[in-house]
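Engineer: Next input, structure requested:
(2 chains)
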Amino acid sequence: MRHPHTARGDRRATLGAAAGALLWAMIGTGAAPQGASAQDAAAHGHPDLNGTWDHGAGIDFLHPQQLAGGSVCVAGCEPAPPPRPVTAHAAPPPSASFPHYRPQFLAKVRWLSDHQLQSDGVLHCRSPGLPRIGPPDKIVQIPGEVVFLYDDVSGAFWRIIPTDGRPRRTDAEDSTLGDAVGHWEGDTLVVVSTGFTEDTWLTDNGAFHTRAMRVTERLRRRGDVLEWQATVEDPTVLAEPWTTTHLAQRTRKELVEPTPCVDQDISHVVDNTHHDNPR
Amino acid sequence: MAVPVRTQTGVALALAALAPAGFAHHSVGGEFNVHRKMTLTGVVSAIEWANPHIYVHFEAQGPGGSVAEWRLETVPVAMMRKAGLTKAMLMGNAETATVDIYPARDGTPRLGYMLKITYQDGHHYQFAPDD
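Structural biologist: Here you go, the predicted model:
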């Protein structure tokens, strides 16, 4: 049993999709949230992406409740909480899907998925890689560089992305997040990454890639919402480019100290069951 | 020593609320016996504030005044933070507390999943649906 929550997940996805459609419609009409205009001021001639961005981190489903006497219901709370207002991270990725593999690689995907408990590095506190790690949790934008910071369940990660036209590094070792170079296309920051190891997945369930993968991220700010889109090209194994999208909401919450990830539970799982681990 | 209080059925479905997405890592039912709920009484002695799961060290009282330390897995740090709970709050000022748990399926002694902790003054933190 890979995911015991299919029906629940489908309902959540349906509701989320409706919310997402509404939000995307707002973005399409330029109806930015109130109070965002000042933050849209151009930074060095480009949109200001600085700040902490909340994309839900995979726990949007959680609605903790503060109860009388200092009690707290973290999960399993009754009665069910009321529907949440539309926010960026209430919306699922509009284009979430599974990569389309060439037929000769489907068996490998299936095998990896069937052995996910052993073969998915994320379950063992290893880097989720790009694009599975999702949008950055914090962006620091300075002249000539943009820094992406990630507070992931697997640990803390960062990427330094030059945007001043300098040539791509020649000494970069292959890595799970690749070597990134950025440039601006109008109001969109475009980040192209290459130089990947092969030990990460694009998403759950055996979505492997090769070291020839090229990932193009496009980040565009609309008020207090950050649109993040990542397109994966890996033509040796993928029949077509695969695109995943997230929306992130600007938040005043600051990142806190990194939490260590310690792999100490998977060895006790007796029947190979696991949940999906999307971001 | 743990004192089983009753056998529970249908809990796996209720546990769906625990972690259907990104921070789950593994299914609770894959590691813990969701059909055997137990209750322990004792004190929290330490917290491993780590991902993918926080572990609570719990010194459980047994017969004749004996004490046995359990390691109780619970939710990830991001969930705990979203609920506004801290390590100090979980420690509970060394008050006596009771915990509802599921024991490990692989037979590892004194390893469990913490569903709920209730402190001596009556306040509690719930991590899974009440049955």
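
Engineer: shouldn't residue A:63 be in contact with residue A:77?
Structural biologist: Yes. Residue A:63 lies in contact with residue A:77 (CB atoms under 8 Å); the separation is 6.6 Å. For every residue, glycine as well, the C-beta is placed using N, CA and C.

Engineer: got the contact list for the residue nearest the centre of chain B?
Structural biologist: In chain B, the residue lying closest to the centroid (CA atoms, centre = their mean) is residue B:114, at 1.1 Å. For residue B:114, the contacting residues are B:56, B:58, B:72, B:73, B:74, B:99, B:100, B:101, B:127, by CB atoms under 8 Å, 6 or more residues apart in numbering or on different chains.

Engineer: immediately after the helix or strand encompassing the third one, which helix or strand?
Structural biologist: Assigned by DSSP states H and E, residue B:72 falls within strand B:67-73. Helices and strands here follow DSSP H and E; after strand B:67-73, the next one along the chain is helix B:77-82.

Engineer: so for that following helix, what's the average pLDDT?
Structural biologist: Helix B:77-82 carries an average pLDDT of 92.

Engineer: Next: stretch A:105-119.
Structural biologist: Rounded mean pLDDT across stretch A:105-119 is 93.

Engineer: do stretch B:75-90 and chain A meet?
Structural biologist: Yes. Under the criterion of CB under 8 Å from any CB of the partner chain, stretch B:75-90 makes contact with chain A via B:75, B:76, B:77, B:78, B:79, B:80, B:81, B:82, B:83, B:84, B:85.

Engineer: so how many other residues sit close to the last one?
Structural biologist: The one in question is residue B:85. By other CB atoms under 10 Å in any protein chain shown, the residues close to residue B:85 number 20.

Engineer: Return, as residue ranges, the portions of chain B with sub-threshold pLDDT.
Structural biologist: B:1-26, B:131 (pLDDT under 70).

Engineer: From the centre of chain B, point out the most distant residue.
Structural biologist: Most peripheral residue of chain B (CA atoms, centre = their mean): residue B:64, 23.8 Å.

Engineer: In a helix, that residue, correct?
Structural biologist: Yes. Secondary structure of residue B:64 (DSSP: H, G, I helix; E, B strand; the rest coil): part of a helix.

Engineer: how near is it to residue B:90?
Structural biologist: Taking CB to CB, to the nearest Å as the measure, residue B:64 falls 28 Å from residue B:90.

Engineer: follow-up on the earlier one: which members of the residues of stretch B:75-90 next to chain A are the farthest-apart pair?
Structural biologist: Maximum pairwise distance among these (CB to CB): 14.8 Å, between B:76 and B:84.

Engineer: okay, the two: which has more neighbours?
Structural biologist: Higher neighbour count among residue B:76 and residue B:84: residue B:76, with 24 against 11, using other CB under 10 Å.

Engineer: Thought residue B:52 was touching the more buried one, still the case?
Structural biologist: Yes. Counting by CB under 8 Å, residue B:52 is a contact partner of residue B:76 at 5.5 Å.

Engineer: what's the burial count for the closest residue to chain B within the stretch 101-250 of chain A?
Structural biologist: Across the stretch 101-250 of chain A, the shortest distance to chain B (CB to the nearest CB) belongs to residue A:153, at 4.8 Å. Residues lying near residue A:153 (other CB under 10 Å) number 24.

Engineer: Not counting its neighbours along the chain, what's nearest it?
Structural biologist: residue B:51 (4.8 Å; CB to CB, 6 or more residues apart in numbering or on different chains).

Engineer: do the same with residue A:259
Structural biologist: Closest to residue A:259 by CB to CB, 6+ apart is residue B:77, at 4.6 Å.

Engineer: Next up, the contacts around the one you found.
Structural biologist: A:259, B:49, B:50, B:51, B:54.

Engineer: Helices of chain A, start to end?
Structural biologist: A:6-28, A:106-114, A:116-119 (DSSP state H).

Engineer: residue ranges with poor pLDDT in the stretch 51-200 of chain A?
Structural biologist: A:78-96.

Engineer: If we use 90, what do you get?
Structural biologist: Residues of the stretch 51-200 of chain A meeting the criterion pLDDT under 90: A:55-63, A:75-97, A:114, A:116-118, A:167, A:169.

Engineer: Which strand in chain B has the most residues?
Structural biologist: strand B:36-48 (DSSP state E).

Engineer: Give the buried residues for stretch A:207-222.
Structural biologist: Across stretch A:207-222, burial judged by 16 or more other CB atoms under 10 Å in any protein chain shown covers A:207-209, A:213-222.

Engineer: what are the ranges of the strands in the stretch 101-250 of chain A?
Structural biologist: Taking DSSP state E, counting those that start in this stretch as the criterion, the stretch 101-250 of chain A contains strands spanning A:138-142, A:145-152, A:155-162, A:179-185, A:188-194, A:214-222, A:225-233, A:242-251.

Engineer: Need those strands in JSON lines (columns: distance to residue A:56).
Structural biologist: Listed next are the strands of the stretch 101-250 of chain A as JSON lines, based on distance: least, CB to CB, whole Å:
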{"stretch": "strand A:138-142", "distance to residue A:56": "15"}
{"stretch": "strand A:145-152", "distance to residue A:56": "13"}
{"stretch": "strand A:155-162", "distance to residue A:56": "18"}
{"stretch": "strand A:179-185", "distance to residue A:56": "23"}
{"stretch": "strand A:188-194", "distance to residue A:56": "21"}
{"stretch": "strand A:214-222", "distance to residue A:56": "17"}
{"stretch": "strand A:225-233", "distance to residue A:56": "12"}
{"stretch": "strand A:242-251", "distance to residue A:56": "8"}
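
Engineer: Can you check the pLDDT for the nearest residue to residue A:194 once chain neighbours are set aside?
Structural biologist: Leaving aside its sequence neighbours, residue A:194 sits nearest to residue A:214 (CB to CB, 6+ apart; 5.3 Å). Among the per-residue scores, residue A:214 holds a pLDDT of 98.

Engineer: Surely residue A:214 touches residue A:234?
Structural biologist: Yes. Using CB under 8 Å, residue A:214 makes contact with residue A:234 at a distance of 7.4 Å.

Engineer: So what sits opposite residue A:157 in the bridge?
Structural biologist: Beta bridges link residue A:157 to residue A:150, judged by DSSP bridges.

Engineer: Just give me the neighbour total for it.
Structural biologist: By the criterion of other CB under 10 Å, residue A:157 has 20 neighbours.
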